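**Q** got a structure for you, letters missing:
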């Protein structure tokens, strides 16, 4: 089973930390188990760098997920989407300012879910704490100034 936490990062922060994702990774690791006297500060920082998950992630655009054309079945509730087939399953849950994706089987269902989110917002950041990895769902383009 694979677990991912997905955060929608404020654009200014995303551009600043593009290419320096390991700094964000260490911040989110610290945020999951904060030192007691730093807990309030870390919570404020988390609120500053992340955005609320927009309603349309779980609303009308869900029907556009390519999985339906690939033989996947979908169950949807107000704050959860489940994609499944015989060989793959992905569950996406909204936890306020964070999405949780739990996947099992082959990687196709989670890839379809990531693709759906990538199309919606440019600054989704996925973190796999067990695998100690982090990455943008949609790589940000750096602005070039002349």
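**A** Structure's in. What do you need? What you see is a predicted model; the values in this text were computed from it and never measured.
**Q** got any ranges where the protein has weak pLDDT?
**A** The chain contains residues with pLDDT under 70 at 59-69, 140-146.
**Q** quick one: contacts for residue 134?
**A** 21-22, 24-25, 28, 125-128 (Cβ atoms under 8 Å, 6 or more residues apart in numbering). Heads up, the C-betas are built off the backbone N, CA and C, glycines and all.
**Q** Whichever strand or helix holds residue 47: how far from the chain's middle?
**A** Here residue 47, judged by DSSP states H and E, is contained in helix 39-49. Between the centre of helix 39-49 and the centre of its chain there are 18 Å (Cα atoms, centre = their mean, to the nearest Å).
**Q** Same check on stretch 49-59?
**A** With Cα atoms, centre = their mean, you get 10 Å for stretch 49-59.
**Q** for that stretch, which positions count as buried?
**A** 49-51, 53, 57-58 (16 or more other Cβ atoms under 10 Å).
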